[in-house]
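pasting the sequence and the predicted model now:
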Amino acid sequence: MSVPTNAHDTLANVHEFEVVENKCVADGIWRMRCNTALSGLLRPGQFVNVDVPNDASHILRIPLSFSKADAKNNELELVYAVVGEGTKRLSAMCVGDTSTMVGPCGNGWSLPKSDGRSLLVAGGVGLPPIMACARMLAEKGIGFDVIVGAQTASRHVEPILDELRALPMQQGCDCARTLVLTTDDGTRGMRGFVTTAMQDMLAERSYATCYSCGPNIMMRGVAELAHSQNIACQVSLERMMGCGFGACSCCNVELVGGGYALCCSDGPVFDASEVVL
Amino acid sequence: MSVPTNAHDTLANVHEFEVVENKCVADGIWRMRCNTALSGLLRPGQFVNVDVPNDASHILRIPLSFSKADAKNNELELVYAVVGEGTKRLSAMCVGDTSTMVGPCGNGWSLPKSDGRSLLVAGGVGLPPIMACARMLAEKGIGFDVIVGAQTASRHVEPILDELRALPMQQGCDCARTLVLTTDDGTRGMRGFVTTAMQDMLAERSYATCYSCGPNIMMRGVAELAHSQNIACQVSLERMMGCGFGACSCCNVELVGGGYALCCSDGPVFDASEVVL
Amino acid sequence: MSKVKMAVDLGGIQMRNPVNTASGTFGNGVQFEGFYDVGKTLGAITCKGVSAEPWDGNPAPRLAELRGAAIMNSVGLQNPGVHGFVKRYGEYLESVRSRGCAVICQVAGHSVEEYERAMDLFEEFAPFASGFEINISCPNIAEGGAAMGATPQSAARVMSAVRTRTKRPIVVKMAPHDVAAIGHALEESGADALALINTIPGMSIDVRTRKSRLARATAGVSGPAIHAIAVRMVWECAQAVNIPICGIGGVTTAEDAAEMILAGATAVSVGTANLTDPLSAKHIVEGLEEWVASQGATDVNDLIGAFEC
Amino acid sequence: MSKVKMAVDLGGIQMRNPVNTASGTFGNGVQFEGFYDVGKTLGAITCKGVSAEPWDGNPAPRLAELRGAAIMNSVGLQNPGVHGFVKRYGEYLESVRSRGCAVICQVAGHSVEEYERAMDLFEEFAPFASGFEINISCPNIAEGGAAMGATPQSAARVMSAVRTRTKRPIVVKMAPHDVAAIGHALEESGADALALINTIPGMSIDVRTRKSRLARATAGVSGPAIHAIAVRMVWECAQAVNIPICGIGGVTTAEDAAEMILAGATAVSVGTANLTDPLSAKHIVEGLEEWVASQGATDVNDLIGAFEC
């Protein structure tokens, strides 16, 4: 049997999960830790599609990226903004509550294609997949710096920032890294957008690869800066999704060369030069 | 302003309630006690229309009769069978949970029109309004006996039976009463239907009024027996309902003389001689 | 309250705000007086359908609940006839009118002749009626009803007939079917306004008994489930006619009502939501005014049909 | 497993059980192989609509979620053309067929000529197809699609044209509109079976921006919200035709599928439920067999149209 799977190794399945922690970690931003066998199947930059209980009038699952998939402890960590009815219900799930998630979904980040340092740029709730990317790089001993932007100080997710700072490098490599914070209103770190900080970083150091996740307009700016310096840039896109695994074609992403890719199965990670941001 | 209200004194309104107890009191039968200002507005035999949270895909409220409306303590007691998705969700409400109920709904029991003893006949979850009826009679010092039928022993609601036995008469009247239990399978009390027990009771004593609530076929038998002895008989009917207060005409009850009445606003209590059971 | 102008003109029916009630879900108004002051709150109420002579309506069960935030009903226009209706509700409806709320009486019939007869009786005995709604779209009666509104020709026949019987405004309640062509035919034959959509015929089978869950095989679906379909039909109809439209179908929130207005509705009727939350129509009156203000508009009329496509 | 016979014949397409998948909600099957063994489980799968040449489909956003247990989509038949489709999925679909599951290829076009061209390419390059579904009811493309199926005449024109191009069974996917008359015309012009309903056109407006929540003004509503409407249409159509029907519309549980069968459907397609719970179709296969047994029947065919009204 030939199964063309967009080159992903594990086909999506339905997995149970049980909430072990679900709490507010910044203004309007929650972290859920849950036990699920899926944690052993996920790669950084992939996502899961969560069935949030208690509202049968909404029939779509909620696609969420994760900040950590800990196979050893069977634990998955999701960080999400409460923005609508669905994520509000998600935030109301209690320790011990169970439901299901579909996954692994999507392609995930690719390792850098050339040697050299990586620059990670996150905006808002683009942070979780960037955190997962940082883990991937640290495990491979690839040096990186990080820029994290938020609207205002209270929207910065302290526990994730702490982890970003402390993340140990594998294989005895140098773990020195810069973490630059920005806020739109200047209440913490540099005032302004992440691209301003990125310009400074690019002036000081050279990078081989850039990874970015955040609002579309932010990623457009990041991609342009990276392109101007011939830095390979991967972006992780967000779309409203029907299925999450390539069945319904609802989450189209416009391609530079014309036509559409699907965010869920061709992405969510794309080479920034191939998609219209 | 002229407001024809089917002669009910209080128009229905939306009232908040807070659960103070919600527990299983017999096999598949639950009792909920809740705090609500509505408890001061209800008369025995009326009902409330409850908004059960956590399933926006079902939009109708659940009409429920009550066994006790305690104005002094602001407390309403509902006894209900868990038979479908709605009542299952109702049984999942926890102490402290809040929602709304519409009421007072319906007409309620009428006091006996002639002197003499009353006979109360309940089957299954017809018990709560019969309990409310017993309170009404006891308060007025009207003597009564009670027959309570259930499919099997485990479906008899012990706490309600205890209350029925112990209910004190007001005004210093004689509180002696007979409580006869039946089960379809003979696992408790008399084996067989309530009508068998009723025949025995009618042979021993004379009654002026009969009050009945239970399955339609049971009430038909009760009404026929009452009619054969010229006993006035009130029955409380159950229907699927849209609004609960006479707005949608969905809960029709066939009248003996032709045409339909509405269960919610013309009933739920009808003179048994006027409706097709 | 605020300086936003909310009054609309539904084909000659003057409404203090765009909020009306869908016939059959609001009793005749009085049932809601315990929830709020109907006459002081709403733009209009539409009474239950009434025929010249009393109708018994359909046998039980008339109602089923569906999973998709919807219900099905098959009441079949149970009503006491015009005389019984006027006797029982006339004085109350007069008071509604005097409190500033329009009163729309719904006219039902099995044939053109029955519509005419009911219209004549209403014209003579219902001075409290601000206007009339002709129901040519009830899916739950064996003759007449939806059959009368099934084609542009049959719809126009009814409309032309009742047009000669009253000078008061006539709204026509339309079925969820071919709304552009039928709406146009109704406009041509003298309708002052259109109301759409009536319930969508559906079917719910108990798979154990193999029988309908209602007394009849089919019944009308209503509720949030049909809202998006109704908005599309209002939009289609609005492109085809120049008379005002009252948008109906699953309107549960002020946003739902705003969608109807943007799609081209001058007024909006709240239906099934009256059962779920009897305070719905009142909340929608309040929320709609906030929405108009939030759009930077000073008059709700400026937002009618303001959908940008 | 049990002694209940579940095999059905959908106009020449032999299905081991009545469960099919609605085009556009099931990818081309392979996306579900992680959830269960598609080829060994289902009666048939219906692939995404494919045209002679590749189509890009509609711009984003193509999807909105509605309150009433429904979604709206406007994908617009994005597809790689018959050659691209066969190249990418041919081998996989061959394996589905070899595992005992029928493979239905859906044919899309903007005009009679385009349907013919796609049909010719399928006939030549898709030997794995058990049969074809002609989509004359897509509400999301500007030309062709639903317009081709809007009247009995236009529907029959497409059907007559493709009928001459293949001897394999042809199913026609119908719009939720006038299903008795159009179904009859399709039967007369050579259709082997009918599939209904396609999504119901709806509209969802963002009341802040006044724009559609999707890229196009209207889009197709699907999900539990439309189930009762779909059952009614299947029933209406079944009264009017003698060819088998595949019932589609909000089928989420085995009971929903059983309703379709009782209303007259020979097969049932699972659509939007595949998104909510990717295991739905498998659960429905299992539950349907239990239901047939619980009805005391030994063959699901004895329950087709067994609704008692």
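Noted; the coordinates are in hand.

rest of the way, CA atoms for contacts and neighbours
OK.

which intervals of the stretch 51-200 of chain A have sub-threshold pLDDT?
A:171-175 (pLDDT under 70).

need the residues of it near chain B, please.
A:54, A:55, A:56, A:57, A:58 (CA under 8 Å from any CA of the partner chain).

how many residues are close by the residue nearest to the second one when sequence neighbours are not counted?
When you say that, I think you mean residue A:55. Closest residue to residue A:55 apart from its sequence neighbours, by CA to CA, 6 or more residues apart in numbering or on different chains: residue B:55 at 5.1 Å. When neighbours are counted by other CA atoms under 10 Å in any protein chain shown, residue B:55 registers 19.

and the closest residue to chain D within the stretch 101-250 of chain A, what pLDDT?
Taking CA to the nearest CA, chain D has its nearest neighbour within the stretch 101-250 of chain A at residue A:247, 3.7 Å off. You'll see residue A:247 listed with a pLDDT of 96.

give me the number of residues near it?
When counting by other CA under 10 Å, one arrives at 25 neighbours for residue A:247.

quick one on the thing from earlier: which of the helices or strands spans the residue nearest to residue A:55?
Assigned by DSSP states H and E, residue B:55 belongs to neither a helix nor a strand.

quick one: contacts for residue 260?
No chain specified, so I'll use chain A. Applying CA atoms under 8 Å, 6 or more residues apart in numbering or on different chains to residue A:260 gives the contacts A:252, A:253, A:254, D:56.

my bad, chain C
C:231, C:234, C:247, C:248, C:268.

how does it look with 10 Å?
By CA atoms under 10 Å, 6 or more residues apart in numbering or on different chains, the residues touching residue C:260 are C:227-228, C:230-235, C:245-249, C:251, C:254, C:266-269, C:304-305, C:307, D:203-205, D:207.

show the buried residues in the residues you listed.
C:227-228, C:230-235, C:245-249, C:251, C:254, C:266-269, C:304-305, C:307, D:203-205, D:207 (16 or more other CA atoms under 10 Å in any protein chain shown).

which ones among those also lie next to chain A?
Checked against chain A using CA under 10 Å from any CA of the partner chain, those give no members in range.

just give the number of residues close to whichever residue of the stretch 1-150 of chain A sits closest to chain B.
Closest contact between the stretch 1-150 of chain A and chain B, by CA to the nearest CA, is at residue A:57 (4.1 Å). The number of residues packed near residue A:57 is 25, by other CA under 10 Å.

was I right to think it contacts residue D:68?
Yes. Taking contacts as CA atoms under 10 Å, residue A:57 lies within contact range of residue D:68: 5.2 Å.

list residues touching both of the two?
Common contacts of residue A:57 and residue D:68 (CA under 10 Å, 6+ apart): B:56, B:57, B:58, B:59, C:67, C:68, C:69, C:224, C:225, D:224, D:225.

quick one: secondary structure of the residue nearest to the spatial centre of chain A?
Geometric centre of chain A, nearest residue: residue A:129, 1.9 Å, by CA atoms, centre = their mean. Assigned with DSSP: H, G, I helix; E, B strand; the rest coil, residue A:129 falls in the helix class.

spit out the contact partners of the nearest residue to residue C:99 once chain neighbours are set aside.
Nearest residue to residue C:99, sequence neighbours excluded (CA to CA, 6+ apart): residue C:39, at 4.9 Å. Residues in contact with residue C:39 (CA under 10 Å, 6+ apart) are C:29-30, C:33, C:45, C:92-103.

which parts of the stretch 101-250 of chain C sit against chain D?
Within the stretch 101-250 of chain C, the positions near chain D by CA under 10 Å from any CA are C:177-178, C:200-212, C:215-235, C:250.

in the biggest helix by length in chain C, what counts as buried?
Secondary structure of chain C per DSSP state H: the longest helix is helix C:81-98. Using 16+ other CA under 10 Å as the test for burial, helix C:81-98 gives C:81-83, C:85-86, C:89-90, C:92-97.
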